[in-house]
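Undergrad: Next come a sequence and a model predicted from it.
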Amino acid sequence: MTTTLLLSPAATGKTQQCIARVRATLQAAPLAAVWVIVPDRNQAASFTRRLAQAGGALGARVVTLADVYAELTALGGAPQPVAGDAVIARLTRRAIDDVAANKILTHYKDIYALPGFARAVVDLIAEWKRAYITPTQFGAAVHARGQWLVELAAIYARYEQTLGAMGWTDPPGQGWQAIEVLRANPTLAANWRLVVVDGFDSYPPLVLAVLSLLASRAQATLVTLTGDAAMTRPAYRLFARTLEQLRSALAPQIETPTPYTLAAPELAHLRAALFETDAAQ
């Protein structure tokens, strides 16, 4: 089991090297399980198109994190319906109203009924869940830090209770389930030959937890990140934090891909200009 991080500036061939690795893996073992994880559907389509242009690789699955979560929970025998935006909004409103009815809301008593408050709470809950913070953990952390946080903790707890009582989950909650089934099934995903993670700028704790478990089982894991060893450019500030997170979670071997040759002269000129800009900074 090896984990490799391809670290280099933009337009230096990280995705191209991922494609080459996918093709080489499937040429050596045509029935191998190869997963390519990208941030969204647009990037999935782009990666699939570039893979086809390179000669194709029958059997490679190019997916988003949501697809991975769904696959893992299905394999683990614990799939649940995933609430969409409208359902999440209704459940959040219900949680707020329930907490208000129990006379818990004092800090937010004048605004809890406003639509904007509910929308803000939806975003906050999603952020806490991506940070892999349970309602119990959040409540314990904020119980002495102000009434406004205590009230938010009560709303979060009520939201999770309602969601669980329905037998449903939400998008980040599906990631929590994926972690649970991976921990409960040591052999789950152990047959994955290659996991490629390409195109991400940052990784919330929830995603890092899932990737760490997958990397500990897959034969090889390949992750890409924009930047360089020094990470001194202001534009790399976010990537520098991500690099430290990846080092801590995955302990990868770091490689710098050799820039590939672009066939189109105008694209090669653009890449040269990017390199000159990097050097000047």
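TA: It's in. Numbers count the residues shown, from 1 in each chain.

Undergrad: and the nearest residue to Ala190 once chain neighbours are set aside, what is it in contact with?
TA: Taking C-beta to C-beta, 6 or more residues apart in numbering, and ignoring the residues beside it in sequence, Ala190 has Arg217 as its nearest neighbour in space, at 4.6 Å. Placement of C-beta: from N, CA and C, glycine included. By C-beta atoms under 8 Å, 6 or more residues apart in numbering, the residues touching Arg217 are Met1, Leu182, Leu188, Ala189, Ala190, Trp192.

Undergrad: rerun that using 10 Å as the cut-off
TA: Applying C-beta atoms under 10 Å, 6 or more residues apart in numbering, one finds that Arg217 lies in contact with Met1, Leu182, Pro186, Thr187, Leu188, Ala189, Ala190, Asn191, Trp192, Val195.

Undergrad: now Thr3
TA: Under the criterion of C-beta under 10 Å, 6+ apart, the contact list for Thr3 reads 195, 197, 211-212, 214-216, 218, 220-223, 246, 249-253.

Undergrad: Surely it is in a strand?
TA: Yes - Thr3: assigned to a strand according to DSSP: H, G, I helix; E, B strand; the rest coil.

Undergrad: returning to what we had before: any idea how far the residue nearest to Ala190 is from Thr134?
TA: Taking C-beta to C-beta, to the nearest Å as the measure, Arg217 falls 24 Å from Thr134.

Undergrad: try Asp67
TA: Using C-beta to C-beta, one obtains 24 Å as the distance from Asp67 to Thr134.

Undergrad: got it, and Ala45?
TA: If you measure Ala45 against Thr134 using C-beta to C-beta, the figure is 35 Å.

Undergrad: what does Leu214 give?
TA: 22 Å.

Undergrad: what helix or strand is the residue most central in space within the chain on?
TA: A centroid search over the chain (C-alpha atoms, centre = their mean) returns Val207, at 4.2 Å, as the residue closest to the centre. Mapping Val207 onto the secondary structure by DSSP states H and E places it in helix 205-215.
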